[in-house]
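Colleague: I need the structure of the sequence given here:
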Amino acid sequence: QVLLVESGGGLVQSGGSLRLSCVASGIAFTNTHMGWYRQAPGKQREFVASITTTSRVQHTDTVKGRFSISRDNAKNTIYLQMNNLKPEDTAVYYCNADLRIGTLTFPGDYWGQGTQVTVSS
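Modeller: This next block holds a predicted model:
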């Protein structure tokens, strides 16, 4: 059974920072592409960042230069360091496992329960 557990969300002022974590179990973590998605109220879930098994990363344009995804294979964990947060970053952030990454990126079948990030202006 695949289990993804996110943590690190919370309430922060505009310009602040948070670091999200996602611990994975039940998967061959070192062989799995991982990523983060987010869903704001009334909007569709959207891609935020991904990291491949060889630690190649990509970030959506709206977070480039502010967010950074990383992984620690020894801990079966991925992180999302979020700096200079803006009110428009407010959303539930979801960890995703087994992304299909090629010319395009598609989410995998495994999702965490989500962690709320709220940025006040």
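Colleague: Any regions of the protein where pLDDT drops low?
Modeller: With pLDDT under 70 as the threshold, the chain has no low-confidence stretch at all.
Colleague: which SSE is the residue nearest to the spatial centre of the chain in?
Modeller: Of all residues in the chain, the one closest to the mean position by Cα atoms, centre = their mean is Trp36, 2.3 Å from it. Applying DSSP states H and E as the criterion places Trp36 in strand 34-39.
Colleague: Val48 now?
Modeller: Following DSSP H and E, the helix or strand that holds Val48 is strand 46-51.
Colleague: Which helix or strand lies directly C-terminal to that strand?
Modeller: Moving on from strand 46-51 towards the C-terminus, the next helix or strand you reach (DSSP H and E) is strand 57-59.
Colleague: who's in contact with that following strand?
Modeller: Strand 57-59 has contacts (Cβ atoms under 8 Å, 6 or more residues apart in numbering) with 48-51, 67-70, 101, 105. (C-beta placed from N, C-alpha, C; glycine too.)
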